[in-house]
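S.K.: Provided below for reference: sequence and predicted model.
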Amino acid sequence: QVQLVESGGGLVQAGGSLRISCAASGLTFSDYHMGWFRQAPGKEREFVAAISKSGGSTSVVDSLKGRFTVSRDNAKNTGYLQMSSLKPEDTAIYYCAGAKIYYGTAENMYVYRGQGTQVTVSS
């Protein structure tokens, strides 16, 4: 059974940093590109970042470049989203997703998804 489990979310003050993780099981993690998405209250889910199978290629949505970075450790079957200089508008549920073939911004192209972790940024 494939599982993607996010962790590391929580409450942080504006300007702070947080690293969230996505632990994968039931699949060969290095065979999957990973994507990160978020959904703020009352808004649609949006693309945040993606990382290729090897980690050699990464992509972060333009509006978050310079504050968010994506990485992975295939030996640990875990992906990471490092967030810094957090703002209240970053408050959302953050999700990870995996795709064996697709590498991009469209969430519906990812085969597996986690349940999400809540990130709340206070002003």
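M.R.: Yep, that arrived.
S.K.: what about stretch 16-33, how long is it end to end?
M.R.: 28 Å (C-alpha to C-alpha, to the nearest Å).
S.K.: so the residue sitting nearest the centre point of the chain bridges to which residues?
M.R.: Closest to where the C-alpha atoms of the chain average out (C-alpha atoms, centre = their mean) is Trp36, at 2.9 Å. In this structure, Trp36 bridges to Ala49, Cys96 when assessed by DSSP bridges.
S.K.: what's the spacing between it and Ile101?
M.R.: Distance, Trp36 to Ile101, using C-beta to C-beta, to the nearest Å: 18 Å. C-beta here means a position set from N, CA and C on the backbone, and glycine is covered the same way.
S.K.: what does Ala14 give?
M.R.: 38 Å.
S.K.: who has more neighbours, these two?
M.R.: Set side by side, Ala14 and Ile101 show more neighbours around Ala14, with 13 against 9, by other C-beta atoms under 10 Å.
S.K.: skipping adjacent residues, who's closest to that one in space?
M.R.: Ser123 (5.2 Å; C-beta to C-beta, 6 or more residues apart in numbering).
S.K.: how many neighbours does that neighbour have?
M.R.: Neighbours of Ser123 (other C-beta under 10 Å): 9.
S.K.: Tyr80: neighbouring residues, count only.
M.R.: 20.
S.K.: what's the helix or strand for it?
M.R.: strand 78-83 (DSSP states H and E).
S.K.: that strand packs against which elements?
M.R.: strand 18-25, strand 33-39, strand 46-51, strand 68-73, strand 92-99 (3 or more C-beta pairs under 8 Å, 6 or more residues apart in numbering; DSSP states H and E).
S.K.: what comes into contact with the first one?
M.R.: The reference is to strand 18-25. 2-10, 12, 32, 34, 36, 77-83, 86, 94, 96, 98, 114, 117, 119 (C-beta atoms under 8 Å, 6 or more residues apart in numbering).
S.K.: only whichever of the residues you listed are buried, select them in PyMOL.
M.R.: Typed into PyMOL, the line below selects the buried ones among the contacts of strand 18-25, using 16 or more other C-beta atoms under 10 Å:
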select buried, resi 4+6+9+12+32+34+36+77+78+79+80+81+83+86+94+96+98+114+117+119
